[in-house]
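# sequence first, predicted model second:
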Amino acid sequence: MHAVRGVSLEIARGEFVALMGASGSGKSTLMNILGCLDRPTSGRYVLDDADVSGLDRDRLADIRNRKIGFVFQNFNLLPRTSARENVELPLLYNPQRLTNAQLREKADRVLASVGLAGREDHHPSQLSGGQQQRVAIARALINDPEMVLADEPTGNLDSRTSIEIMGIFQQLNERGITIVMVTHEQDIASYAQRNVVMRDGIVLSDRIVTQRFAAEAELEKAARSTSEEG
Amino acid sequence: MRVGSTFNVAFRALRRNKLRSVLTALGIIIGVGAVIAMVGIGNGAKAQVEAQIASLGQNVILIFSGSTTSSGIRTGWGGAGTLKIEDAEAIRREVPGVVGVSEEVVSTTQVAAGNQNWFTRIYGESADYFDIRQWPLANGAPFTAQDVRSANKVCVVGRTTATQIYGNEDPVGQILRIKEVPFTITGVLTPKGLSPQGVDQDDIVIMPYTSAMKRVIGGTNLRNINVQIGDARQVEAAQQQIIALLRQRHNIRPGRDDDFTVRNQQEIAEAATATSRVMTLLLGAIAGVSLVVGGIGIMNIMLVSVTERTREIGVRMAVGAHGNDILMQFLIEAVTLSSVGGVIGIVCGIGASRILSAYAHWPTLISLSSILIAFLFSAAVGVFFGFYPARQAAALDPIEALRYE
């Protein structure tokens, strides 16, 4: 029984891909392989021109540290730990040694870039869901990754906050970062450039999004409709 | 591997669960504290015994009349009158390395002065005795070799006897009646305290052995002879020569038992300290058990901690932590708990033994080596009991760990 079989997928640098499919379709397994958390039992995974399918645990950990940023549905922030310390976490496992002051400076800059300036010392319990997800995104960005992997990043967020998060993703994508995002919501998938749908371990459809949403415009639209209602 | 940040991470984790960390460390604190205090008490007792043995004098050989196995009849030390004054003189004359010899006779009797009287021990000795026992006088002068030759009616008294008879008065020059014979007191001894057997060594009157034989005790037999050797390396040889000399003088044929018993101070010391060494070991072992229990407490809490923080471990692995990083993190946590507990335990143990010394008057002795061993042992407990939970954590699969509820 293979969760994923015969999938041949090429994702170019700078793409924004939404991966869709029902549960059991194999998208989680595919994400785990893309994220170097799991190795394919057969087949190859070439990341950044290098075959990583045969690497051992520690080499995969190094690749995750340097090239991949993770964003999870449930944020997975360390509890009772400040936003800054959460963001610093991947730097602690980076071979490049930074002083405490450098760590702090870098974490604060990335936090500011996702709109969390002034919240550096807040613990996750003191932050809203959207803010927690921004901390998680900052953590994913701290090592300047090639690719951000997001697993249902809006699954625990309300629709307005979801659009805000998509806005951040679109900005990152414009800066050249590759984004692969699992979602089961069609409208969230519409913020991506390309939608890949899976079923029973194979790719069912792979198409370019023609009517792509722009987060800024959607937010304005949402703001207008609320004020009309009010 | 980023050692500094791993330490940071471990300390942060411990600070997040302050009460739990303190309680877990408490197991080690009690264990180490108990070991330090118990070994301190044992070593203190041993040191006290050793000091008392040393108060016998340096390089001393004791010869007792009678033998523990003489002709199958156990007469005990000093039991049979086989040692003569001539034996002592022969030793003084013929055994090389001898610096002092004291013929000893012992009795107990009533002594009196004015309207005071006191029941005390009478020791007859030679003038060498005070050097052999390293027992200086607090006041006055010892009797002389001339006093011994002439069997003069002079004596020195111990502090206890002096206090009982004369109170705060200076006894030097006073007359002490012993068995109705008047003796002039020439000096008062410095206090020596209790002997290893718990006898008050200061409850004593010491006089020339000649005077004791002639005027107080009677008889011509010595209870024992105290011999001091100048060089510690010559003690063994001198002991053999004394045995050979006495066997010859007593006409003991080869194959027959000695009619005397020779002991050197080293043998007496070894016998006495063996007991206290066993006690120290026993106390230390009992206390060590509580240290092991403390270690199990650490292991238990570390296992709980690994389970609780499975998601955290998953996140750390996802962002690039190696298995070793996770192993080190949890190992450092365990070792920090145990060694901080160890340091506090050492302080508590020292405090406890100080209190015991002050209020129960137990002698305690805490050596630097026992502190170092206790600290290293507590750190080792952390490594030993922390390793299994840390390895469990390091072996987690990041995907499973991230999904853990």
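Right, received. Where do you want to start?
# list the buried ones in the helix or strand of chain A with the lowest mean pLDDT?
Taking mean pLDDT, DSSP states H and E as the measure, the helices and strands of chain A show their lowest mean at helix A:215-229, namely a mean of 83. Applying a neighbour-count criterion of 16 or more other C-beta atoms under 10 Å in any protein chain shown, the buried positions in helix A:215-229 are A:215, A:218. Backbone N, C-alpha and C define where each C-beta goes, glycine included.
# for chain A, what lies in contact range of chain B?
Remark: the part of chain A in contact with chain B comprises A:32, A:35, A:37-38, A:57-58, A:61-62, A:64-66, A:70, A:72, A:76-78, A:80-81, A:85, A:89-90, A:92-94, A:97, A:139, A:143, using C-beta under 8 Å from any C-beta of the partner chain.
# assumed residue A:137 was part of a strand.
No - when classified by DSSP: H, G, I helix; E, B strand; the rest coil, residue A:137 is found to be helix rather than part of a strand.
# residues touching it, list them.
Applying C-beta atoms under 8 Å, 6 or more residues apart in numbering or on different chains to residue A:137 gives the contacts A:69, A:71, A:114, A:148, A:165, A:168, A:172.
# and residue B:200, by the same measure?
Residue B:200 makes contact with B:160, B:193, B:194, according to C-beta under 8 Å, 6+ apart.
# need the three-state assignment for residue B:363.
Each residue gets one of three states, and residue B:363 gets coil by three-state DSSP.
# for the residue of chain A found nearest chain B, list the residues it contacts.
Of chain A, the residue with the smallest distance to chain B, taken as C-beta to the nearest C-beta, is residue A:65 at 2.5 Å. Taking C-beta under 8 Å, 6+ apart as the criterion, residue A:65 is in contact with A:90, A:93, A:94, A:143, B:319, B:320.
# which residues are in contact with the nearest residue to the fifth one once chain neighbours are set aside?
Meaning residue B:319. Distances taken as C-beta to C-beta, 6 or more residues apart in numbering or on different chains place residue A:90 nearest to residue B:319, at 4.0 Å, with adjacent residues excluded. Contacts were defined as C-beta under 8 Å, 6+ apart; by that measure residue A:90 touches A:65, A:69, A:139, A:142, A:143, B:319, B:320.
# residues contacting the residue lying closest to residue A:86 once chain neighbours are set aside?
Beyond its immediate neighbours in the sequence, the residue positioned closest to residue A:86 (C-beta to C-beta, 6+ apart) is residue A:77, lying 5.0 Å away. Under the criterion of C-beta under 8 Å, 6+ apart, the contact list for residue A:77 reads A:86, A:124, A:132, A:135, A:136, A:139, B:315.
# sticking with residue A:77, tell me its helix or strand.
Element membership for residue A:77 (DSSP states H and E) is empty, with no helix or strand holding it.
# do residue B:240 as well
Taking DSSP H and E as the criterion, residue B:240 maps to helix B:235-249.
# report the inter-axis angle for the helix or strand just after that helix versus helix B:235-249.
Per DSSP H and E, the first helix or strand lying C-terminal to helix B:235-249 is strand B:260-264. The directions of strand B:260-264 and helix B:235-249 differ by 170 degrees, with axes from the mean of the first three to the mean of the last three C-alpha atoms, to 10 degrees as the criterion.
# run through who's touching strand B:260-264.
Applying C-beta under 8 Å, 6+ apart, the contact partners of strand B:260-264 are B:59-68, B:77, B:82-83, B:235-236, B:239, B:242-243, B:246, B:250.
# still on that earlier bit, the residue nearest to residue B:319 in helix, strand or coil?
In three-state terms, and counting by three-state DSSP, residue A:90 is helix.
# show me what the residue positioned nearest the centre of chain A is bridged to.
Nearest to the mean C-alpha position of chain A, by C-alpha atoms, centre = their mean, lies residue A:150 at 2.9 Å. For residue A:150, the beta-bridge partners are residue A:71, residue A:181 (DSSP bridges).
# let's see the pLDDT reported for it.
With respect to pLDDT, residue A:150 scores 96.
# same deal with residue B:69?
Residue B:69 carries a pLDDT score of 51 in this model.
# kindly report the same for residue B:152.
Looking at residue B:152 specifically, the model assigns a pLDDT of 93.
# hang on, it in a helix?
No - when the secondary structure is assigned by three-state DSSP, residue B:152 falls in coil instead of a helix.
# of the contacts of residue A:65, closest to residue B:105?
Relative to residue B:105, the closest of the contacts of residue A:65 is residue A:93; by C-beta to C-beta it sits at 85.2 Å.
# and that closest one, what is it in contact with?
A:61, A:65, B:2, B:316, B:319, B:320, B:321, B:322, B:325.
# chain center to stretch A:92-107: distance?
Relative to the mean C-alpha coordinate of its chain, stretch A:92-107 is positioned 22 Å out (C-alpha atoms, centre = their mean, to the nearest Å).
# and it, C-alpha only, in PDB?
Extracted C-alpha coordinates of stretch A:92-107, given in PDB (Å, rounded to 0.1, in the frame of the first residue of the first chain):
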ATOM      1  CA  LEU A  92      20.000  27.800  17.500                       C
ATOM      2  CA  TYR A  93      20.400  24.800  15.200                       C
ATOM      3  CA  ASN A  94      22.200  26.700  12.500                       C
ATOM      4  CA  PRO A  95      25.900  26.000  12.100                       C
ATOM      5  CA  GLN A  96      26.400  29.800  11.800                       C
ATOM      6  CA  ARG A  97      27.200  31.100  15.300                       C
ATOM      7  CA  LEU A  98      25.400  34.300  16.300                       C
ATOM      8  CA  THR A  99      25.800  36.200  19.500                       C
ATOM      9  CA  ASN A 100      22.700  36.700  21.700                       C
ATOM     10  CA  ALA A 101      22.500  40.300  20.500                       C
ATOM     11  CA  GLN A 102      22.700  39.200  16.800                       C
ATOM     12  CA  LEU A 103      20.000  36.600  17.400                       C
ATOM     13  CA  ARG A 104      17.700  39.100  19.000                       C
ATOM     14  CA  GLU A 105      18.300  41.700  16.400                       C
ATOM     15  CA  LYS A 106      17.600  39.200  13.600                       C
ATOM     16  CA  ALA A 107      14.500  37.800  15.200                       C
END
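# which SSE is residue A:205 in?
Secondary structure assigned from DSSP H and E places residue A:205 in strand A:202-208.
# which other helices and strands does that strand contact?
Packed against strand A:202-208, as judged by 3 or more C-beta pairs under 8 Å, 6 or more residues apart in numbering or on different chains; DSSP states H and E, are the following elements: strand A:194-199.
# gap between the least confident helix or strand of chain A and the chain center?
25 Å.
# now the angle from the strand holding residue A:205 to strand A:194-199?
In terms of direction (the same axes, to 10 degrees), strand A:202-208 departs from strand A:194-199 by 160 degrees.
# circling back to that earlier point, so which of the contacts of residue B:200 reach chain A?
Restricting the contacts of residue B:200 to contacts with chain A (C-beta under 8 Å from any C-beta) yields no residues.
# contacts only, for residue 129.
Just going to use chain A. Residue A:129 is in contact with A:75, A:156, A:157, A:158, A:161, counting by C-beta under 8 Å, 6+ apart.
# that's the wrong chain, I meant chain B
Each residue near residue B:129 by C-beta under 8 Å, 6+ apart is listed here: B:102, B:104, B:123, B:135, B:206, B:226.
# could the contacts of residue A:77 go into a markdown table alongside neighbour count?
As requested, the contacts of residue A:77 are exported to a markdown table (neighbours: other C-beta atoms under 10 Å in any protein chain shown):
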| residue | neighbour count |
| --- | --- |
| A:86 | 25 |
| A:124 | 20 |
| A:132 | 23 |
| A:135 | 26 |
| A:136 | 28 |
| A:139 | 30 |
| B:315 | 25 |
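# what sits against residue 21?
You didn't pick a chain, so chain A it is. With contacts taken as C-beta under 8 Å, 6+ apart, residue A:21 has the following neighbours: A:27, A:184, A:197, A:198, A:199, A:204.
# nope, chain B
Residues touching residue B:21, when contacts are defined by C-beta under 8 Å, 6+ apart, comprise B:14, B:15, B:337.
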